[in-house]
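>>> model the structure of this input:
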Amino acid sequence: MKNIKLIKVRIAEKRHKKKLRRRRKKSGFKHVFNRTSERNYEDAARIKHDLLSDNLRYISDNPKTKLLKHALFFRSGLSKLKVIKVPKIFSLVDNSEESYKFIEEVINCIYHNRVRKLRLDYSQCEVIHLGAQVYLDVLLKEIFVYAKTLASRFKNHSLLENVRSINVENENVDKLLYSIGSFAIHTNEGKDFDDIIPYQLCEFRKKKSSDPLFNIETKERHVTDMVQYVMDSVNRVGKQLSPDSIESLSIIIGEVLINAEEHSTNNHRFSIGYFQEHNGNKKHYGIFNLTILNFGHTIYDSFKNENCPRKDIVSKMNELSKYYTSNKLFSSSIKEETLWTLYALQEEITSVSPEKNIKRGNGSIKFIENFFNLKGSGKKSDKISRLAVLSGNASIVFDGKYGIGEKIKINEKTGEEEKFQVMTFNDSGNISDKPDKNYVKFVKNHFPGTIISAQILISKDDIV
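Now for the predicted structure:
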C-alpha cells in the first residue's frame, strides 16, 4: 500500500514539474523569474534593466539615486493592493525628504512589479509644486511603457493591473492633477477649468535626422507655444507684455530649451506649465507656474568633465574652490558642487565650446530676470514668487531677496569696459564670498539632471 502511495506522489511530482517547464518555456523568461536563487534574481534584474528607456536606464545606473536599484528586487514582497500616501506638501524644495521618498517608493514598486494594484492616496496632500508633480509624471510615463513591454514579452509574469490616484480632496490639488497632471497625462480624464490656463506636458527628443530643419522648426514651435502661454497668463490679470519683452523672452526661452537638450543624456527635455487665476476679497491675481527639466549630466558634471571645452571657465572654478578650501568656507551646506552650480548661473558662463561662435551663457540669469519681471512694478519679495534650480545635489532658490547685480569687466580684446550680471546671494555682491545657505545649498537628495521651476505671483499693474 505504501509503495502505491509513493508511486502516486512521484507521478504527481513529475506532472507538476512538466507543467512548470511548459509554463516557463511559453513565457519566454528562461525561468529566471521562477526561481528564488540570488543568481537568477540577478539575471532577472539584468533583463529588466535592458528593457528600460534611455532616461530610466541613466537614472538606474546613477549611483546617487535610489530609483530602480536592482538590490531592492530582493526586498519587495508580493501584494494584491498597495496604497502609498502623497505627502502633505509635495515639493522637491520645501519638503524634499518626504517627496523624494514618495517618488522612489512609487517608481520602485512598479519597476520591481511586486503589486497588482497601486493606489496613490492624495487625502493628506494640501500643496503640490509643479516641479515635484512633473518629475513623478515623467517617470510614470516612461515606467508605464516599460511595464507594458515587460507584460507583452513575458506574459506569465505581469502582475501590475493598474495605478490610480485616489482621495483627491483639496480643490487646488484636484485642478492641477486634472488639468495638466496625472489624470491629464496618463488617462482620458483630463478636465478644463475656467480659472486655469494649462500648458500641457511638452516632450522633445532631438532627432539625428537627415533633415536638419526638423529640430530647428520643432524648437521654434515650442518656444512660440511657451511664449504664448506666458502672454495668455499675464493677459488674464489685465497685463500686457511689451514687444521688447516678448522678443527678449523668446530668445531666453530658446536658449534655456537648448541647454536642457544639450545637457540631457539623449537630447531629451520636458516642459510644462500651469496658471491659476484668483479673484476674491477684492483681489485679482494669478499664480504662474513653469517647469523645464532633463535627465542627464548635472551642471556640475558638465564642467567637472575632463572633456569640457571651456578650460578657461573650469580654471576659474578651480581657483574659487581653492579659495574656499584655504579659507575653510566649505561645509555640509555648501560644497564644491553647490559653488560651481552657482558660478555657472552667472552671465556669460557656459560649457559650450567657443569654437561654435555662438553667444551663450545668458540663459539662466536672463531667464530668472525675465520671469521675475512678470511681477511688474511689484517686484519685491512675496511668499509665493520664486524660481528654483535643482541640479544633482545643488539647490538654488531665487525669490527676489537678493537681486541680480551688475559688475564691470575689461574686454581683453578691445580694452573697453563691459557690464555683466551676477547673482551672488550675499550682501557683498562678490561671488567669492559665501552665499546665504537658505538660498544656495548642498542637499541630501540627488536630482538626476537639472530642473528649473518658476512660480510667480502676478497682479495687475504696469505693462511689463
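
>>> give me phi/psi at the spatially closest residue to I89 that is not a sequence neighbour?
Take I89 and drop its neighbours on the chain: the residue closest to it by CB to CB, 6 or more residues apart in numbering is N95, 4.2 Å away. Yep, even glycine has a C-beta here, placed from its N, CA and C like the rest. With angles defined as degrees, to the nearest 10, N95 sits at phi -150, psi 60.

>>> read off the pLDDT value for N95.
Listed pLDDT for N95 reads 96.

>>> again, but for F204
pLDDT at F204 comes out at 89.

>>> that one against E261, yeah?
Yes - counting by CB atoms under 8 Å, F204 sits close enough to E261 to count as a contact (7.1 Å).

>>> what touches both of the two?
Taking CB atoms under 8 Å, 6 or more residues apart in numbering as the contact rule, F204 and E261 both touch 268-269.

>>> list the buried ones in stretch 175-193?
By 16 or more other CB atoms under 10 Å, the buried positions in stretch 175-193 come out as 175-186, 190.

>>> show me where pLDDT drops low in the protein?
Along the chain, the model assigns pLDDT under 70 to residues 1-42, 44, 70-78, 155-159, 209-211, 348, 351-363, 376-381, 409-417, 461-464.

>>> which residues in it form strands?
Secondary structure of the chain (DSSP state E): strands at 79-85, 89-90, 115-121, 127-128, 162-166, 196-205, 264-280, 283-296, 386-398, 405-410, 417-422, 440-459.

>>> which of those strands sits closest to S315?
Smallest distance to S315 across those (CB to CB): 16.2 Å, for strand 405-410.

>>> before we move on, the earlier item: the residue nearest to I89: what's it in contact with?
The contact partners of N95, by CB under 8 Å, 6+ apart, come to 87-89.

>>> residue contacts, G254?
Applying CB under 8 Å, 6+ apart to G254 gives the contacts 219-220, 223.

>>> pull out the buried members of those residues.
Buried among the contacts of G254 by 16+ other CB under 10 Å: 219, 223.

>>> output the contacts of G254 as TSV; include the columns distance to N170.
Below are those laid out as TSV (distance: CB to CB, whole Å):
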residue	distance to N170
K219	36
E220	38
V223	33
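
>>> gap between the two ends of stretch 109-127?
From its first residue to its last, stretch 109-127 covers 24 Å (CA to CA, to the nearest Å).

>>> got it, and stretch 68-80?
Span of stretch 68-80 from end to end, CA to CA: 21 Å.

>>> L241 touches S250, doesn't it?
No - assessed by CB under 8 Å, L241 is found out of contact with S250, at 10.4 Å.

>>> neighbour-wise, which one of the contacts of N95 leads?
Highest neighbour count within those: P87, with 22 neighbours (other CB atoms under 10 Å).

>>> tell me who's in contact with that residue.
Contacts for P87 (CB under 8 Å, 6+ apart) come out as 95, 98-99, 102, 124-125.

>>> sweet, I'm off.
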